[in-house]
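J.: kindly return the folded structure for what I paste below:
(2 chains)
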Amino acid sequence: METCPSVKNILLLDSEGKRVAVKYYSNDWPTNVAKETYEKAVFTKTQKTNARTEAEIAMFEGNIVVYKFVQDLHFFVTGGEDENELILATVLQGFFDAVGLLLRGNVDKKEALENLDLILLCLDEIVDGGIILETDANVIAGKVASHSVDAGAPLSEQTISQALATAREHLTRSLLNG
Amino acid sequence: MAQPLVKKDDDRDDEAEYSPFLGIEKGAVLQEARVFNDPQLDPRRCSQVITKLLYLLNQGETFTKIEATEVFFAVTKLFQSRDIGLRRMVYLMIKELSPSADEVIIVTSSLMKDMNSKTDMYRANAIRVLCRITDGTLLTQIERYLKQAIVDKNPVVASAALVSGIHLLQTNPEIVKRWSNEVQEAVQSRAALVQFHALALLHQIRQNDRLAVSKLVTSLTRGTVRSPLAQCLLIRYTTQVIRESANNTQTGDRPFYDFLESCLRHKAEMVIFEAARAITELNGVTSRELTPAITVLQLFLSSSKPVLRFAAVRTLNKVAMTHPMAVTNCNIDMESLISDQNRSIATLAITTLLKTGNESSVDRLMKQITNFMSDIADEFKIVVVEAIRSLCLKFPLKYRSLMNFLSNILREEGGFEYKKAIVDSIVILIRDIPEAKESGLLHLCEFIEDCEFTYLSTQILHFLGIEGPKTSDPSKYIRYIYNRVHLENATVRAAAVSTLAKFGAVVDSLKPRIFVLLRRCLYDSDDEVRDRATLYLNTLGGDGTAVETDKDVKDFLFGALDIPLANLETSLKNYTPSEEPFDINSVPKEVKSQPLTEKKAPGKKPAGLGTPPSGPPSTEDAYEKLLSSIPEFSDFGKLFKSSAPVELTEAETEYAVNVVKHIFDSYVVFQYNCTNTIPEQLLENVVVIVDASDPEEFAEVASKPLRSLPYDSPGQTFVAFEKPEGVPAVGKFSNMLKFIVKEVDPSTGEAEEDGVEDEYQLEDLEVVAADYMMKVGVSNFRNAWESMGPDCERVDEYGLGPRESLAEAVSAVISLLGMQPCEGTEVVPNNSRSHTCLLSGVFIGNVKVLVRLQFGIDGPKEVAMKLAVRSEDENVSDMIHEIVASG
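T.: Residues are numbered from 1 along each chain as shown, chains lettered A, B, ... in the order given. Below is the predicted model:
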């Protein structure tokens, strides 16, 4: 109990329970078969519930699973039995909302697969090795979406607006450092 | 494994089935990865290929060592590009590939360059990647940068370094511990999450230094913590400090309780909940401390968010196990949760209500549950059935409505496990509540009229055979049983024949009818059914031949087979058909190493959804089953109580022996559990010689020796004593273990022919008054006390002399009486000068006893006690006083 809150896995499945993107942080499911069995079981058990307006919750094989659905996408976050349910729900909400921002409101399987790179980066920014990195959807999406070009690149490679942004960043940095 | 995400079907609508990864194939993607080597990099193209590779890995695809190495080297080329998006994907890819040590060197310099980049994003991610793939030697090289990063003014960079520190602490603790100054600085950060990560790391660095943790908690509880997550951490660390300090200081209020209580008013729900849960889990929490936590949890119960309701009801469910009274305030909110959409919440609410409910609310509750049962899954139903069973045992007067409920749900659809749980519950109720017997048996009869589970039918038929003949009108069951012979499969038919025979053996008036029915079974199509019918007709004298004596018949029909089934099976397999008939006496009767451990760990399965703790009943059941299987003890009546095992030997001696005291109305049975810890010895004919010359009221009636006790497989020997009926006779017994020891050759495991007789002195054993008292709690002590009335009340005062503390005196009296403390009154608040403790129990002879103890302590630690006893029998009330007076 004195340990840091931790997340065991984050799952994004489609409406048939197949993987869109998943990330495991614990060794509870060592093989891919074990992982798939778990996903299937979680999916089947939650399938019929209505988790579209509010996040729902269930106990499962000694774990707590919080979940939320939108369109044909099912979002899950798993934590240990003793984990604070509300912390897990916060992580779920962060992930859910960040995906919504990144896909500009068109949250469905097709869109998610077409932007899988963003989804994977999003997972990477939420939890690192089980430890919660960030739960604010705006911050997560902001980190994932910052696709501007490296500030150190020669100006010739940049567009005007990028150049302006870079210049502004340089200015702020020098002011702050000064 | 590389299945396309959606199988393409020509008839299907292409639009709906579209996936960018349709038909993706590992080999092709690995080919595509060659673009990483192009002199003119196309960042978009490269990002797409990496996404495809990550997609494959995510779907469970694996790369061979060679493939992984090739991809890794190709990916390192991409550091040349300055495209941020591509770089992010490169970081992800490297983490997923988890390169080996010699490969890591290739990217180290690139990553170290990024660690010192001006772009925060590069710095943060490079730190995370490098720390993930690095080993100890490289770590010393980059340590300087990491320490800087921890105090970086960009929160993302600081968090990346701190989280990496938490991971590295597992592998390289000595290096990470050197960073504590920087981490301490980061704890003061204004960025919410940096503070959270810094606090987590700092605590892990110092977790073995109790004083440092205590200081950390003290300073932070006074200061400001910005993020709710960090606040949750602080609450966890605080409870740790509270737990440890409780052992050290006996005086003063609970430290930091005020802090926990103030967290209940935090604006973030996760903090409020963390604090409320922490309070409910405090050691020996008092009802005063509990109240504010319960109040906030009660508010959560009516939240619109399922997660909040779940968290609250789950916590309250746990509280209800130890402090049912504290939760009763929430009952109204809890009742509205019975219809909750989320079935986990509804089930937790029901089981909580069943724990906290009082006698008067049972009927209303049952009505609500009936509506609820139809739309939940079987696993939840089983939880509810178990809760109802314990409720019924708690309020035996309510058996009618509870039995009705069970019979109703028995008629509805359900799987085997669920039906079995219901049948088991009815059987237990019939056994423990005599009034419930007739109605219960009829419910079971109706159930087997339409039961699809052979196992349950045969179990019920067997049970009917034992209980049915003892009822006032046994004839009414015959119809149900005989129907089975018409309608069921062979297994059930055979069981029904046996049951009919049992009725015939016990109830003389039914005999002629039974004979008619059994004779009809002689024409059954199944061998077993015909054989049984012939056999029973024969033994009962239905075919007009010589009847065996009545006692033999009953022994045959009702007596347990005193041979272990496994042994009988082996013997039968070894028997070759010949002129010589099979001799049942040739079957060895010794049980091969009783799996004692199995009995001692009753149902230690993960207690999922508020599964009621199934500890005591199942041990008791196991004991009862064990004892009734021993013919010598079978007529001792119902087992009243079994004590916890008492060790009779020191730890790590040659022979380990403990004893369980089984109390019956007129008998006491000592069960000696023996373990032989010497591999070179085999013990045979193990008995315990008990000297009962001092306790006059006990007379030894039976002793069951243990034939053989091989190394490390526990066995039991029993000694039984008769004592005056219903009298709580006490006394001290001295024990001597007696056996024949044979040398065993450790290499072959074979024992020598000849043994030597030997003895081994065990410690004395005492039967005390508390052994005759069963711990049975009451949910509302005051009600129970009032309804018991003062007719058999006995009050007296006692001086307990100088005592260590009030708490010590209270627990001494509780253990002397062996009763169940109620409403958490066994906990004495620190520094109090007086205390009232409420106890409840059932004394031998099934006499309910309630005790109110008032303690006071004066200056030189002299403790005085006022003892008020109410019971259903004034002799018992007097007896309780005698126990205290002589204790």
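
J.: show me the contacts for residue B:445.
T.: For residue B:445, the contacting residues are B:460, B:464, B:477, B:480, by CB atoms under 8 Å, 6 or more residues apart in numbering or on different chains. For the C-beta atoms, the positions are set from N, CA and C on the backbone; glycine is no exception.

J.: give me the element it is part of.
T.: helix B:437-449 (DSSP states H and E).

J.: burial measure for the spatially closest residue to residue B:795 that is not a sequence neighbour, as a count.
T.: Nearest residue to residue B:795, sequence neighbours excluded (CB to CB, 6 or more residues apart in numbering or on different chains): residue B:868, at 4.6 Å. A count of neighbours around residue B:868, defined by other CB atoms under 10 Å in any protein chain shown, yields 16.

J.: still on that earlier bit, report the buried residues of the helix holding residue B:445.
T.: For helix B:437-449, a neighbour-count test (16 or more other CB atoms under 10 Å in any protein chain shown) marks B:437-441, B:443-445, B:447-448 as buried.

J.: so what pLDDT did the residue nearest to residue B:795 get?
T.: We have a pLDDT of 90 for residue B:868.

J.: could you do residue B:162 as well?
T.: At residue B:162, pLDDT is 95.

J.: ok, now how distant is it from chain A?
T.: Between residue B:162 and chain A the computed distance is 9 Å (CB to the nearest CB, to the nearest Å).

J.: count of residues packed around that residue?
T.: 30.

J.: helix, strand or coil for it?
T.: helix (DSSP: H, G, I helix; E, B strand; the rest coil).

J.: wait, it touches residue B:184, no?
T.: No. The criterion here is CB atoms under 8 Å, and residue B:162 misses it with residue B:184 at 11.7 Å.

J.: look up phi and psi at residue A:68.
T.: The phi/psi pair for residue A:68 (degrees, to the nearest 10) reads phi -150, psi 140.

J.: joint contacts of residue B:162 and residue B:184?
T.: Common neighbours of residue B:162 and residue B:184 (CB under 8 Å, 6+ apart) are residue B:198.

J.: tell me which helix or strand comes right after the helix holding residue B:445.
T.: Helices and strands here follow DSSP H and E; after helix B:437-449, the next one along the chain is helix B:454-467.

J.: check the offset of that next one from the chain's centre.
T.: Centre-to-centre, helix B:454-467 and its host chain are 29 Å apart (CA atoms, centre = their mean, to the nearest Å).

J.: quick one: contacts of that helix?
T.: By CB under 8 Å, 6+ apart, helix B:454-467 touches B:416, B:419-420, B:423, B:427, B:430, B:437, B:441, B:444-445, B:447-448, B:451, B:477, B:480-481, B:484, B:488-489, B:491-492, B:495-496, B:498-499, B:501-503, B:557-558.

J.: using CSV, list the CA coordinates for the helix or strand just after it.
T.: Remark: after helix B:454-467, the chain's next helix or strand is helix B:475-487, criterion DSSP H and E. What follows is helix B:475-487, C-alpha atoms only, in CSV (Å, rounded to 0.1, in the frame of the first residue of the first chain):
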residue,chain,number,x,y,z
SER,B,475,-44.4,-41.2,4.1
LYS,B,476,-44.9,-38.0,2.3
TYR,B,477,-41.3,-38.1,0.9
ILE,B,478,-41.8,-41.6,-0.7
ARG,B,479,-43.6,-40.3,-3.7
TYR,B,480,-40.8,-37.9,-4.6
ILE,B,481,-38.2,-40.5,-4.2
TYR,B,482,-40.1,-43.2,-6.1
ASN,B,483,-40.7,-40.7,-9.0
ARG,B,484,-37.0,-40.7,-9.5
VAL,B,485,-37.0,-44.4,-10.2
HIS,B,486,-39.4,-43.8,-13.1
LEU,B,487,-38.0,-40.6,-14.6
